[in-house]
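Participant: Next one to model:
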Amino acid sequence: MKQAHLKSISPIHVLSIEGKQKRNEHFTLSVPFAPGELLSHEDVKFFDNHDKEVLAYATPLSYWQDKSVRWLNVKGYLPLSCANDSAQNKIYLKKSTYQHVKIKEECVQNTTDTMHIKVIENKLSLSKTKFLDLIITPLNVKLAFAVKGKSTITQTKIQHTFETEYTTDNTPYGCLIKQSAALLTEGERVGSLNARIAVNFASASIDIQVDVHNCQAQVPEQGKWDLGNPNSLSLKSMGFELTTPQDYQRSIYISNDAILDEKNNDASNTNKCLYNQASYNDTNITLVQHSSGGKHWNSPNHKGADNKVTLSHKGASFFDGASNKIIERANPILLTGSEEQTLSITPRHFWQKFPASIELNAHCCSINYVDIQTPDTIEIQPGETKSHSISLALHATGEATPYSDVAIHGKGNKNDKEFQVFIPPSRIDVAKTLPWFSNAAKHEKLHSIVELGLSSESNFYEKREALDEFGWRHFGDIYADHEADTYDGDLPFVSHYNNQYDPLYGLLKQWLLDGNRKWRELADDLFDHLINIDIYRTEHDKPEYNNGLFWHTDHYVQAETATHRTYSRHQASDVYMDHAGGGGPGAHHCYSSGIALYYFLTGDERAASTVLGMANWMKHIYEGDGTLLGKFLQLKNANHLTIPFGAKLLLGAGTGIVRNPITNNYPLDRGTGNYVNVLLDAFELTQEPSYLDDIERVILNTIKEDDNFKDRHFEDIENTWFYTVFLQATAKYLYFVSTFNLTRAACKPILSALVHYVDYIAQHEQPALKSAEVLEYPNDTWTGQDIRKVQLLCIGSLLVNEPQKTIYLNKAAELNDWISQKLFTSNERFYTRILALTMQNYGSIELVNDKQYKLPLDLSDTKFDKHVCPSTTARIRAFINTYSFKKERRLLLTRIPKLQKILGKP
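Facilitator: Residues are numbered from 1 along each chain as shown. Take a look at the predicted model:
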């Protein structure tokens, strides 16, 4: 075996470890690098601060223009035996050169119908013909997943992919397997099963995530999205079944101090082992998590299709064949095995994503994600996904399990910080992969407002409790508590936030700034909720709905039976100015940057595909679907054509938020800003130049350097405030052009246009509440929105010279002081919307205080290509060249389902 040669350069501190390590730990986290810092052909190794090598698998997720690594995803393993005693350790990257240091050990063998995976002394045999059907030998345990519907559901042939992961010296690290199968009802595809199986060789552990997805479109109900839609999937069962030999011991442990007996007496001193079956018996054991077990466990948040709450039990119940125990919140761990080897099974978020249940009998254990003690079925709405995860770990019997110290025996110092791996903030500063990120932001005045999200009596965790934002559909979302501000009825007022102003990005940004693992935990939960519930994941509805993000619950009304889909038939109408009262995902509610950042931090491919789907959704909204009917709808929604010699609209009132197909101009509003932003996120993920072409065309058909501000009517704050959202997206374009070192002909006119508008902000803008008399609801959301102006002025100062630079910075400081003072004394500072706006936009004051921060732009006199603003003739020609009658028919039948009775299905 040849030796690795480490290059004689200083190790790079790439990750930090915080908290006391109590068990074997796996971690997955990406590291950002500056251009040229890590070349694509350079191999790397990782070491802790005691120079012990860290077993890790690293793969680039993104590159700079010079092909150096931009984001490097690292999967690492830290065994307990190598844990250091210090409170915080570091992981260093060292560059190395390898020449086939080891011959690759093949850990996976494929046959026609089975995949065999070697894991230390064990073998996992995964069926390639049955969905998620796994046998572990020599333990002789079988794990299978099954789903049953209210009506018959069948599965198609399994789609199967796998990848074996090796370190740079060819040490096997793990194996990632993906399986999927279509679900059919009466021969029609109604959904899919998807599994992600991550096998970790070093720790002999397996992480399994499984989804049931309803791929159908909503049957239209006049713009309402209530439960009970004909295309919903109704499940009677969904879960895992574990089959073991009869002589195996089976135990259920639980980490919960609030175990009650049948009379609701505190039994917290009860042994943490709820049940231990040493040998065969015919007792049926059940543990069922009926509800969250919280103070508001039967909140109206849990209404079913009949507009009633049917939850009847608080928390969980455990029956061991003789007595019943009540458990508020169960975090169960199952153990089974022989005298030589034990398998532990840990369902993740068991109580948080209720209902969930565990059943034990003679030789079988089932984990089901329904309430097995009620006849209720689980309804998965069209475009929605129900997702759950479990972890398996193999270890010698009698050996400490990966979870034993804390979860089972309750040992450990409660004052110990929880273990986590995080990126040192200085690394983000160096790499400049995050627009306008500054480690110094935590020294800004507004940072104390953001910290209320964890420290106040109305912190994000308490908001969950207030609404009981638990259960598989709700867990992870944030309570839109600002909607209850003027409500004087019974609480809670049910309103879901659906990532408005991108709190996912804000939570990740806070975690990167201060390393508090609670920010990351909240972000993980929100991401899981967003991609499974809030995103309308279907290809079978209108193109301007497919893969879109649903709006938050409609203003000033409760969610009723619309869940996280904005509009319900039970809501009142005309509750505010220009109240729509119905509709689907819309351009003014598109927040993708947090999802994109989540991909770069974790490598989760679901995040990347979600962002690309959102970009396609927004493109359909603004550019049309390529059909004649789509062009007609664009004309209508542009509100451009009027009856001759009159002001009345020829085609009736439209949305007013699309590209005008006559003038080719886009509205200057947050929808267009969101459009530019999601295209930028798509570019960052793919680096496809076509995205930049689209971005430049949109920007230059929205703002120009010689625009007359009188035509913009910015004095009408209520209807124009969101121009700042568009300018922020434009500034992000310039950031990418600069940091990716791109030469773009459109950069110079875009820069000039942005500076023109920042000049306006510096000269004319004031806090919106200073004009409270023209606002419909003059609350401190307007103060939060004003932070955008501060950011734009600070960014502008990086793009101009004196005296403009000083003018911008003075105005930014003036506005920031006013905003800070106003929010510090506001009763609204705890609200979700204020926190989201602040997290998203603050930090630029300290950014520009860093005199070393530069934004170099290549403004060479490259000839500006007019194709960015194509002529009407060119656009007509492009439409004709791509027109498809087949597509016209399909989308016509999709938009007008009644025609399917005459013309057949799409």
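Participant: contacts, neighbours, all on C-alpha from now
Facilitator: Will do.
Participant: tell me the contacts of the most centrally placed residue in the chain?
Facilitator: The central residue of the chain, meaning the one whose C-alpha is nearest the mean C-alpha position (CA atoms, centre = their mean), is residue 527 at 2.4 Å. Contact analysis of residue 527 by CA atoms under 8 Å, 6 or more residues apart in numbering lists 476, 504, 595, 598.
Participant: Tell me the buried residues in the host helix or strand of it?
Facilitator: When elements are assigned from DSSP states H and E, residue 527 belongs to helix 517-529. By 16 or more other CA atoms under 10 Å, the buried positions in helix 517-529 come out as 517, 518, 519, 520, 522, 523, 524, 525, 526, 527, 528, 529.
Participant: Also stretch 476-490?
Facilitator: Counting neighbours by 16+ other CA under 10 Å, one finds that the buried residues in stretch 476-490 are 476, 477, 478, 479, 480, 481, 482, 483, 484.
Participant: per-domain residue ranges of this protein.
Facilitator: Segmentation of the chain into domains, based on automatic domain parsing, reads 5-101, 108-218+227-408, 439-568+584-866.
Participant: so where's the stretch 801-906 of the chain uncertain?
Facilitator: For the stretch 801-906 of the chain, applying pLDDT under 70 flags the ranges 858-868.
Participant: Kindly report the same for the stretch 1-150 of the chain.
Facilitator: Regions of the stretch 1-150 of the chain meeting the criterion pLDDT under 70 cover residues 1-9, 81-88, 97-104.
Participant: again with the stretch 601-750 of the chain
Facilitator: Filtered on pLDDT under 70, the stretch 601-750 of the chain yields the residue ranges 640-654.
Participant: hmm, 80 instead?
Facilitator: Counting by pLDDT under 80, the stretch 601-750 of the chain shows low-confidence ranges at 638-657.
Participant: Could you check how far stretch 124-141 is from the centre of its chain?
Facilitator: From the chain centre to the centre of stretch 124-141 is a distance of 31 Å (CA atoms, centre = their mean, to the nearest Å).
Participant: same deal with stretch 477-494?
Facilitator: Here stretch 477-494 is found 24 Å from its chain centre; the criterion is CA atoms, centre = their mean.
Participant: distance between the ends of that stretch?
Facilitator: According to CA to CA, to the nearest Å, stretch 477-494 extends 12 Å from its N-terminal end residue to its C-terminal end residue.
Participant: Need the mean per-residue confidence for that stretch.
Facilitator: Per-region confidence: stretch 477-494 scores 92 on mean pLDDT.
Participant: so which of the buried residues of helix 517-529 comes closest to residue 204?
Facilitator: Proximity of these to residue 204 was ranked by CA to CA; the top entry is residue 524 with 24.5 Å.
Participant: rewinding a little: could you identify which of the contacts of residue 527 has the most neighbours?
Facilitator: Scoring the contacts of residue 527 on neighbours with other CA atoms under 10 Å, the highest-scoring entry is residue 504 at 31 neighbours.
Participant: Would you tell me which helix is longest in the protein?
Facilitator: helix 804-824 (DSSP state H).
Participant: From the contact counts, what lies against the helix or strand following that one?
Facilitator: In the C-terminal direction, the helix or strand that comes right after helix 804-824 (DSSP H and E) is helix 832-841. When contacts are defined as 3 or more CA pairs under 8 Å, 6 or more residues apart in numbering; DSSP states H and E, helix 832-841 sits against helix 447-450, helix 503-514, helix 781-785, helix 787-797.
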